[in-house]
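Enquirer: Turn this into a model:
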Amino acid sequence: MKKRLLALFLLTALLVSCGSGTSEVPSDDPASDAPDAVTEEIAEETEAEPVDSLLARQNVDDELPSKNYNGATFTTLSCNENIYDTSYYGEMTGNAIHDAVYARDCEVEERFNIKFDHRMVMWNEHANMFTNSVLSGLDEYQLYLGQAISASSMVPNDYFLNWKDIPVINYEKPWYSQASNDALTINGKNYLLLGSMSISCLGYTYCMFMNLAQANNLNLPNIYETVNSGKWTYDTLYEYASTCYTDSNGDGTMTDGDFYAYATRSGDIPTFMWAFDADIVTINDDGTFEIKFGDERTASVAEKISALVKSNNGTSMNDNGESYTGGILFNGGMQFTRGLSLIATGFVKDAVSPAYLEMEDPYAIIPYPKFDEIQQEHYTMSDGSFGIHCAPVTVQDTEMLGTIVEACNAGAWKNIEPSYYDTALKFRGARDEESVAMLDLILNSRILDFAYLHDGFQGYGLSGLQTIVNTNAEAASYVAKTRTAVERYYQSVIDYYFDIEG
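Expert: As a prediction, the model looks like this:
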């Protein structure tokens, strides 16, 4: 607890040093200041400070050289849903997360004598804007924070520089996800870089929510104990889904007004491949690869998920949603926040959406279940909508690119990440200390790999399991029909990394 008080203190000092503002935060923006009661609770705590505290983060030297870029403009392009990756408003708002981002930008601008020009456009427009700019040959954008799943499909088109060739970038620093960047580095080439500047990667992490009031009414075991004991598995989720449906309005039909055990959408189905530790494709150092999708594990996963979402009354599956500033809350989340489901799938950032913040019932943030009790760990992934670092091939000053990206990631790791994670999620989104521990578990179990980020909607990661479940296909026969095309696609991507011309 003590580290959180210190985090707030240092963050406030940082913001004051950069300036202040009086503009209002939009009423539907999720991340305002923490409640006074929480601050009072923190002030009473006196436990020793952990080594990963904000103070320790502040003391990590970014080792950047002293540079003066003579007022140069550093232009970024990103999706406007990823509002915390860059300074959305370009001024102080009184919102802790936005102001931390703005403060970081102020510090970087002053330190290196640059001026940021953050351009944020609609999700269905930013990719075309970027490609048109690159094809024109203009050094228009110095950093493209493209939605990961669309940016990855651009890699073989020679739109990006290899981050391994960019000066200053230090992969050993804690503001880079070493495991993810290692997985995205093939034959010494890394075109998609993941660093702390991509706050959206935290927010788009897949998780589940459980209504604790409803769980108590149903006399269910303590969910935290279930997770910590290793018993939060598919079988437990299926048991709840098959026994906890209630025809609330008594009309004899399953409608949106009924109470469901499990509210989800078909777009969340692929997550179970990662949650259940099922391999999709493995790549060897020599460029050869092996497709694992369609094996016995895949067939078992498909069978289980089909039974979960199609063979019992306790599951509500609906892909509709409602927009809010910073994203979309899907129908399952809306049902959940109205008290009409026991469990809902979603993203971590749903916890700071208006609907969740206004929810009266206490809830738990929990991981996806394990395949079975034999599986040792829980796993999840981040949705491909998050912004990933891409270096446009048109960039002329790669030293400035590396310096500014390094500084932005360091600043995000030191101040923005703790503000988002501790203030917005732990103070406001998560309702109890045990949910804080669950949140730690979820964020530490994310897997971002080739099979997902380089899927391009042509592999098995994004749609394979979903298609099998939705069409009642048999896994082996589905793979037999599609394998040639998928192999050709994977081979084309890998060949690009190995400089093999098709």
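
Enquirer: give me the number of residues near the closest residue to S353 other than its chain neighbours?
Expert: Excluding the flanking residues, the one nearest S353 by Cβ to Cβ, 6 or more residues apart in numbering is L329, at 5.1 Å. In short, each C-beta sits where N, CA and C put it, glycine included. By other Cβ atoms under 10 Å, the residues close to L329 number 22.

Enquirer: quick one: average pLDDT of whichever strand or helix holds L329?
Expert: According to DSSP states H and E, L329 maps onto strand 327-330. For strand 327-330, the mean pLDDT works out to 70.

Enquirer: what do you get for stretch 174-191?
Expert: So the average pLDDT for stretch 174-191 ends up being 92.

Enquirer: what about it, distance to the chain center?
Expert: Averaging C-alpha positions (Cα atoms, centre = their mean, to the nearest Å) puts stretch 174-191 17 Å from its chain's average.

Enquirer: ok, now stretch 380-399?
Expert: For stretch 380-399, the distance to the chain centre is 15 Å (Cα atoms, centre = their mean).

Enquirer: residues of the longest helix along the chain that come out buried?
Expert: As assigned by DSSP state H, the longest helix anywhere in the chain is helix 475-497. Within helix 475-497, the residues scored as buried using 16 or more other Cβ atoms under 10 Å are A475, Y478, V479, T482, V486, Y489, Y490, V493, I494, Y496, Y497.

Enquirer: got it, and stretch 169-188?
Expert: Buried, per 16+ other Cβ under 10 Å, within stretch 169-188: I169, K173, W175, Y176, S177, S180, N181, A183, L184, T185, I186.

Enquirer: hmm, who's touching it?
Expert: 57, 60, 62-63, 163-164, 190-197, 283, 287, 402, 405-406, 409-410, 412-414, 446, 448-450, 453, 494, 497-498 (Cβ atoms under 8 Å, 6 or more residues apart in numbering).

Enquirer: picking up where we left off before, for the buried residues of stretch 169-188, give me a markdown table that also has secondary structure.
Expert: Formatted as a markdown table, these follow (DSSP: H, G, I helix; E, B strand; the rest coil):
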| residue | secondary structure |
| --- | --- |
| I169 | coil |
| K173 | coil |
| W175 | coil |
| Y176 | strand |
| S177 | coil |
| S180 | helix |
| N181 | helix |
| A183 | helix |
| L184 | coil |
| T185 | coil |
| I186 | strand |
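
Enquirer: Return the closest of these with respect to L143.
Expert: I169 (12.0 Å; Cβ to Cβ).

Enquirer: gap between the closest residue to that closest one other than its chain neighbours and N170?
Expert: Closest residue to I169 apart from its sequence neighbours, by Cβ to Cβ, 6+ apart: G402 at 5.0 Å. Plainly put, G402 is 9 Å away from N170 if you go by Cβ to Cβ, to the nearest Å.

Enquirer: D182 now?
Expert: Taken as Cβ to Cβ, the span from D182 to N170 is 15 Å.

Enquirer: Kindly report the same for L77.
Expert: Counting by Cβ to Cβ, the gap from L77 to N170 is 24 Å.

Enquirer: Please give me every residue in contact with D397.
Expert: A72, Q142.

Enquirer: From L143, how far out is it?
Expert: Relative to L143, and taking Cβ to Cβ, D397 is found at 12 Å.

Enquirer: ditto for Y363
Expert: For Y363, the distance to L143 - Cβ to Cβ - is 37 Å.

Enquirer: okay, the buried residues of stretch 169-188 in TSV with distance to Y460 next?
Expert: Output for these, formatted as TSV (distance: Cβ to Cβ, whole Å):
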residue	distance to Y460
I169	31
K173	33
W175	32
Y176	28
S177	23
S180	20
N181	23
A183	17
L184	18
T185	22
I186	18
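
Enquirer: Pick the one among the residues you listed closest to C244.
Expert: C244 lies nearest to S180 out of the buried residues of stretch 169-188, by Cβ to Cβ, at 36.2 Å.

Enquirer: all strands of the protein, in order?
Expert: 72-79, 114-121, 143-147, 206-211, 260-264, 281-283, 289-291, 315-317, 321-324, 327-330, 341-347, 363-366, 387-390 (DSSP state E).

Enquirer: Nearest to M438, out of those?
Expert: strand 363-366 (5.3 Å).

Enquirer: ok, M254 - how many residues close by?
Expert: M254: 14 neighbours (other Cβ under 10 Å).

Enquirer: Then A213?
Expert: So A213, with other Cβ under 10 Å, has 13 neighbours.

Enquirer: leaving aside the residues next to it on the chain, what's closest to it?
Expert: Using Cβ to Cβ, 6+ apart, the closest residue to A213 is D361 (4.2 Å).

Enquirer: gap between the two ends of stretch 174-190?
Expert: End-to-end distance of stretch 174-190 (Cα to Cα, to the nearest Å): 18 Å.

Enquirer: ok, D158 to Y84 distance?
Expert: Distance from D158 to Y84, by Cβ to Cβ: 30 Å.

Enquirer: These two - which one has more neighbours?
Expert: Higher neighbour count among D158 and Y84: Y84, with 27 against 11, using other Cβ under 10 Å.

Enquirer: Check the gap between V60 and W413 for me.
Expert: Applying Cβ to Cβ to V60 and W413 gives a distance of 8 Å.

Enquirer: V395 now?
Expert: Taking Cβ to Cβ, one finds V395 at 23 Å from W413.

Enquirer: What residues sit buried inside stretch 205-212?
Expert: Of the residues in stretch 205-212, T205, Y206, C207, M208, F209, M210, N211, L212 count as buried by neighbour count, 16+ other Cβ under 10 Å.

Enquirer: Now D256, what are its backbone angles?
Expert: Taking degrees, to the nearest 10, you get phi -60, psi -20 for the backbone angles of D256.

Enquirer: ok, it - contacts?
Expert: Per Cβ under 8 Å, 6+ apart, neighbours of D256: S316, N318, Q335, L340.

Enquirer: and the end-to-end length of stretch 305-314?
Expert: Terminal-residue distance, stretch 305-314 (Cα to Cα): 13 Å.

Enquirer: Please enumerate residues in contact with that stretch?
Expert: 234, 237-238, 240-245, 254, 260-262, 264, 266, 269, 272, 315, 317, 465, 468-469, 472.

Enquirer: Please convert the buried members of the residues you listed into ChimeraX selection syntax.
Expert: Burial among the contacts of stretch 305-314 is assessed by 16+ other Cβ under 10 Å; the matching ChimeraX selection reads:
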select :234,237,238,240,241,242,244,245,260,261,262,264,269,272,315,317,465,468,469
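
Enquirer: quick revisit: which of the contacts of stretch 169-188 count as buried?
Expert: 57, 62, 163, 190-197, 283, 402, 405-406, 409-410, 412-414, 446, 448-450, 453, 494, 497.
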